[in-house]
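how would this look folded up:
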Amino acid sequence: MPDVLARRLVDVAWLERHLTDPSVVVLEVGTDDGAYHEGHVPGAAPLSWLDDLNELDRRGVPSRHHVELLLSSRGVARDSHVVLYGEDDNVFAAYAYWTLRYYGHPRLSLLDGGRRAWLAAGAPLSGVLPDRVPTRYVAHDPDDTIRLTRQAVLESYLGANAGTAMIDCRSDQEYRGRPGTVTDLPLLRHRLGGHIPGARNIPCAELLDPATGRLRPLAELRRLFTEQRIRPEQDVALYCDVGGRSALAWIVLHDLLGFPRVRLYEGGWAEYGSLVAAPVSR
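Numbering: from 1, shown residues only. I've put the predicted structure just below:
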């Protein structure tokens, strides 16, 4: 593998070795920062999906200006190696990772297994907020080749058109329109269950080793997608509910397995399931 600082996936041992490296900036991402304040990777700064990765007045990918202010406040420079991790199987950390990729941050890694792996290894925890010097971060223009809008979904991806593949990364019950639990996040108050016509169901949980929460070996991941007839020459679209689980699948397909055309529909079922007159399959 090339230069270790260019890796897209790092493990606990690697991060422990680099805790004092001034070029490495560690960010813990959760729905909020509650778990962070119970103890975190030494030197890590918090990111809240609800408060930091959404605009105050609208849902969706945060603006370039918002991301610049956010990363500046966390002491991230353009040449920083940002390592992201979190709870909930890393899905919100994965969404932060995808957001930074969308705005062109070059040195970026996900901690394999996230907070769960760090705790299981008995690695050190800290209760101290890091004292990082703010920067003046300048983001690149957004890379719209890795993002999918609802209009593009409706125009080009319904019904599994030739050359495309749509993957629903939610659970089998959600895919079938029979969720097992009631989720009351404000972004999830849609009124219809089911999936986008033509979408294949590859739950995010299947990407992970259930015993450790770490990603399965790359050979197993490649076989999983091959068995579902997902091929590198296709234009692949991913969605879940609000972008977290599908962002983890995006990292696997695009950055680890090297599929060249993989797009995230971050609006997900929270948006699509609320559209008037949009077709739904069950």
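
did I read that right, Ile251 in a helix?
Yes. Following the definition DSSP: H, G, I helix; E, B strand; the rest coil, Ile251 is counted among the residues of a helix.

that one touches Leu110, doesn't it?
Yes. When contacts are counted by Cβ atoms under 8 Å, Ile251 is listed as touching Leu110 (6.2 Å). C-betas here are computed from N, CA, C, even on glycine.

and for these two, which residues touch both?
8-9, 94, 97 (Cβ atoms under 8 Å, 6 or more residues apart in numbering).

please, which helix or strand holds Ala152?
Counting by DSSP states H and E, the secondary-structure element that holds Ala152 is helix 150-152.

now swap in Ala96 and tell me
Secondary-structure element containing Ala96, defined by DSSP H and E: helix 91-102.

and the helices in the stretch 51-200 of the chain?
Counting by DSSP state H, counting those that start in this stretch, the stretch 51-200 of the chain forms helices over residues 64-73, 91-102, 114-120, 150-152, 172-175, given from the N-terminal end onward.

from the shared contacts of Ile251 and Leu110, pick the one nearest Pro197.
Of all the shared contacts of Ile251 and Leu110, Ala94 has the smallest distance to Pro197: 25.9 Å, by Cβ to Cβ.

please report how far the closest one lies from Leu108.
The span separating Ala94 from Leu108 equals 11 Å under the rule Cβ to Cβ, to the nearest Å.

of those two, which one has the most company?
Neighbours were counted for Ala94 and for Leu108 using other Cβ atoms under 10 Å; Ala94 has more, 29 against 21.

and the pLDDT for that one?
Here the pLDDT value assigned to Ala94 is 98.

residues contacting it?
84, 110, 244-245, 247-248, 250-251.

domain ranges for the protein?
When the chain is parsed into structural domains using automatic domain parsing, the resulting residue ranges are 4-120, 144-272.

distance to Val280 added to those domains, as CSV?
Converted to CSV, these look like this (distance: least, Cβ to Cβ, whole Å):
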stretch, distance to Val280
domain 4-120, 20
domain 144-272, 4
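
comparing the ones you listed, which yields the minimum mean pLDDT?
Least confidently modelled of those is domain 144-272, at a mean of 91 by mean pLDDT.

you'd agree Trp49 is up against Gly30?
Yes. Taking Cβ under 8 Å as the contact criterion, Trp49 and Gly30 are neighbours in contact, 6.7 Å apart.

gap between stretch 196-203 and the chain center?
18 Å (Cα atoms, centre = their mean, to the nearest Å).

and it, which residues are buried?
Of the residues in stretch 196-203, those with enough neighbours to count as buried (16 or more other Cβ atoms under 10 Å) are 196, 198-199, 201-203.

ok, and what's touching that stretch?
153, 157-161, 165-172, 175, 195, 224-225, 228-230, 239, 245, 249, 272, 279-281.

for that stretch, C-alpha coordinates in CSV please.
Included here for stretch 196-203 are C-alpha records, laid out as CSV according to Å, rounded to 0.1, in the frame of the first residue of the first chain:
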residue,chain,number,x,y,z
ILE,A,196,-37.0,3.3,-4.9
PRO,A,197,-38.1,1.2,-7.9
GLY,A,198,-35.2,-0.9,-9.2
ALA,A,199,-33.0,-0.6,-6.1
ARG,A,200,-31.3,-3.6,-4.8
ASN,A,201,-31.0,-4.1,-1.0
ILE,A,202,-27.5,-4.5,0.4
PRO,A,203,-27.8,-3.5,4.0
